[in-house]
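Asker: Show me how the following folds:
(one chain, ligands or ions: 3)
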Amino acid sequence: MNVTIDTNRLQAELGQLAAFSSSQGPGVTRVLWSEADQQARAFMRRLCDQAGLRVREDALGNLFARWVGSAPDLPAVASGSHIDAIPDSGRYDGTVGVLGALEAIRALQQAGFQPQRSLELILFTAEEPTRFGIGCLGSRVLAGTLDPAALRQLRDRAGATLDELRAAAGFVGDLGQVALAPGCYSAFLELHIEQGPLLEQAGLPIGIVRAIAAPASLRIALHGQGGHAGAVLMPARHDALLAAAEIALAVEAAALATGSPDTVATTGVLRIEPGAINSIPARALLEIDVRDIASAPRDQALAAIERAADEICARRGIHAERTLLNADPPAMGDPALIELVAQACQEHGIGHQVMVSRAYHDSLFMARVCPTSMIFIPCRGGVSHRPDEYAAPEAIARGVEVLARSLAAASVMP
Ligand code: HGY
Ligand code: MN
Ligand code: MN
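Answerer: Numbers count the residues shown, from 1 in each chain. Ligands and ions are numbered 1, 2, ... in the order given. Have a look, this model is predicted:
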């Protein structure tokens, strides 16, 4: 089958999507249910309508755009990713998988392909943790791992609840209806930039993902005493920032101490209050991201961080409130789906390698719904979550071509 990717259209759409941002360029900021996110969602709905797809959105804002196949009652084949973006980040993380899936469908339409199993594009709500501190919010709920009661506990930094925010964004449906019915999909395949340097270093255009890292997120709120920066002598102080600083260093030490080269830990958020030069920090909030390809070393690092935080706070007379936001197991790619993608590459002489993903993705949770894998394309220098994140047009087109061929093959599977 002759699959032609309309690179100019795809690049234009990636540029239009990047323009929906709450920050000045070149970085992109598109936080869940912000004005920019709402504009981007409307843009995606228009494109899916123009492609003649059957579009629906659930109570959490997950968007589904379906090309109905000749066997509409069979479990569909799905593809997709996210369009939300952390502050001041890149334009390719997630969007390549959403616009790429749409372009794969349009290329198959153009090629005269007739799907048997329906093909469905999914735009997942809030893959990034920015708004509520927990990543993969939409795919977690779709996979049934987060129930409506837990969702109602979520608050953003301003204290707004998920229900308030989703209603303001126009999503008022029943959260109890979001979880997917078992067997609804026969396969899920996500196209994504690698967010690492391995494909570029290997000179390969395609990665096929066999495992996705096990992420955990820990929030620690520290309460010290604060006070006048001139009047309180050093021995009498209970400085929340200094306790936080020691904890941040303990986070690094815990990752290095597991003996696994894949353990990574990051204090990505550190906020102090009241934040005045002549006021001793009374409060500090840390948000810590800990991962490994395997759960055991990740959990070992988490336990070491919690022990260190207890010791530091006891020694400094600081009260700490710890919240483990999530500690997810890794996900495994489906061997048959990996083989199907590898075959699509081999048949067209496209170099590829099977690899792990150190970033997490919505595929982490779709793997609990149906056989799942990912197609990676190289990004320059492996850079991501930065304004200079970049994937070459020809790399994106190649990934979309492999995705299109893989979706077509999966659609005609018995
Ligand atoms: O943090 C991650 O791994 C993903 O990019 N949200
Ligand atoms: Mn990301
Ligand atoms: Mn992503």
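Asker: Show me which residues of the protein sit near ligand 3.
Answerer: Asp93, Gly94 (CB under 5 Å from the ion). (C-beta placed from N, C-alpha, C; glycine too.)
Asker: which parts of the chain sit against ligand 1?
Answerer: Asp93, Glu127, Glu128, Gly135, Ala359, Tyr360 (CB under 6 Å from any ligand atom).
Asker: again, 5 Å this time
Answerer: Listed as neighbours of ligand 1 in the chain under the rule CB under 5 Å from any ligand atom: Ala359, Tyr360.
Asker: residue contacts, the residue in the chain positioned nearest to ligand 1?
Answerer: For the chain, the residue closest to ligand 1 is Ala359, as judged by CB to the nearest ligand atom, at 3.3 Å. Neighbour list for Ala359: His192, Gln195, Gly196, Ala213, Ser384 [criterion: CB atoms under 8 Å, 6 or more residues apart in numbering].
Asker: pretty sure the first one contacts His82?
Answerer: No - His192 lies out of contact with His82 (CB atoms under 8 Å); the separation is 9.4 Å.
Asker: Quickly list what's touching both of these two.
Answerer: Gly94, Gly97.
Asker: Mind checking the pLDDT average for stretch 28-38?
Answerer: Across stretch 28-38, pLDDT averages out at 97.
Asker: before we move on, back to that, in strands, which of the contacts of Ala359 fall?
Answerer: Among these, the members falling in strands (DSSP state E) are His192.
Asker: buried residues in stretch 233-252?
Answerer: 237-248, 250-251 (16 or more other CB atoms under 10 Å).
Asker: repeat for stretch 105-112
Answerer: Ile105, Arg106, Ala107, Leu108, Gln109.
Asker: could the buried residues of stretch 233-252 go into CSV alongside pLDDT, distance to Ser411 and secondary structure?
Answerer: As requested, the buried residues of stretch 233-252 are exported to CSV (pLDDT from 0 to 100; distance: CB to CB, whole Å; DSSP: H, G, I helix; E, B strand; the rest coil):
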residue, pLDDT, distance to Ser411, secondary structure
Arg237, 98, 65, coil
His238, 98, 62, coil
Asp239, 98, 60, coil
Ala240, 98, 56, helix
Leu241, 98, 56, helix
Leu242, 98, 58, helix
Ala243, 98, 56, helix
Ala244, 98, 51, helix
Ala245, 98, 54, helix
Glu246, 98, 55, helix
Ile247, 98, 50, helix
Ala248, 98, 48, helix
Ala250, 98, 50, helix
Val251, 98, 45, helix
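Asker: and which of the residues you listed is nearest ligand 3?
Answerer: For those, the minimum distance to ligand 3 (CB to the ion) is 22.7 Å, reached by Val251.
Asker: Ile208 versus the closest one, what's the distance?
Answerer: When distance is defined by CB to CB, to the nearest Å, Val251 is 32 Å away from Ile208.
Asker: cool, and Leu340?
Answerer: Counting by CB to CB - Leu340 and Ile208 are separated by 9 Å.
Asker: who has more neighbours, these two?
Answerer: Ile208 (24 against 21; other CB atoms under 10 Å).
Asker: Following element in sequence after the host helix or strand of the more buried one, please.
Answerer: Assigned by DSSP states H and E, Ile208 belongs to strand 206-212. Per DSSP H and E, the first helix or strand lying C-terminal to strand 206-212 is strand 214-223.
Asker: which parts of that next one are buried?
Answerer: So for strand 214-223, counting by 16+ other CB under 10 Å, buried means Ala214, Pro215, Ala216, Ser217, Leu218, Arg219, Ile220, Leu222, His223.
Asker: Excluding covalently adjacent residues, which one is nearest to the third one?
Answerer: For Ala216, ignoring the flanking residues on the chain, the nearest one in space by CB to CB, 6 or more residues apart in numbering is Ala327 at 4.0 Å.
Asker: From what I see, the one you found and Asp299 are in contact.
Answerer: Yes - Ala327 is within contact range of Asp299, at 7.1 Å (criterion: CB under 8 Å).
Asker: give me phi/psi at the residue of the chain closest to ligand 1?
Answerer: phi -80, psi 150 (degrees, to the nearest 10).
Asker: Next, format the buried residues of strand 214-223 as CSV and append pLDDT.
Answerer: Listed next are those as CSV, based on pLDDT from 0 to 100:
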residue, pLDDT
Ala214, 92
Pro215, 95
Ala216, 97
Ser217, 96
Leu218, 97
Arg219, 96
Ile220, 98
Leu222, 98
His223, 98
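Asker: any idea which of these is the one closest to Glu389?
Answerer: Nearest to Glu389, judged by CB to CB, of the buried residues of strand 214-223 is Pro215 at 19.5 Å.
Asker: quick one, helices of the stretch 1-150 of the chain?
Answerer: 7-18, 35-50, 95-110, 137-142, 148-151 (DSSP state H, counting those that start in this stretch).
Asker: winner for burial among those?
Answerer: helix 137-142 (a mean of 28; mean count of other CB atoms under 10 Å).
Asker: starting at the chain centroid, how far to that helix?
Answerer: 11 Å (CA atoms, centre = their mean, to the nearest Å).
Asker: Model confidence score at the residue of the chain closest to ligand 1, please.
Answerer: 96.
Asker: Could you check how far it is from Val402?
Answerer: For Ala359, the distance to Val402 - CB to CB - is 19 Å.
Asker: same thing with Leu165?
Answerer: According to CB to CB, Leu165 stands 37 Å off from Val402.
Asker: Which one's more surrounded, the two?
Answerer: Using other CB under 10 Å as the criterion, Leu165 and Val402 rank with Val402 on top: 27 against 19.
Asker: mind checking the SS state of that one?
Answerer: helix (DSSP: H, G, I helix; E, B strand; the rest coil).
Asker: so it makes contact with Leu204?
Answerer: No - the criterion here is CB under 8 Å, and Val402 misses it with Leu204 at 11.8 Å.
Asker: How far does stretch 72-89 sit from its chain's centre?
Answerer: 10 Å.
Asker: Can you mark which positions in it are buried?
Answerer: 74-86, 88-89.
Asker: What mean pLDDT does it get?
Answerer: For stretch 72-89, the mean per-residue pLDDT is 98.
Asker: end to end, how far does that stretch reach?
Answerer: 39 Å (CA to CA, to the nearest Å).
Asker: cool, stretch 252-262 as well?
Answerer: First residue to last in stretch 252-262 (CA to CA) measures 13 Å.
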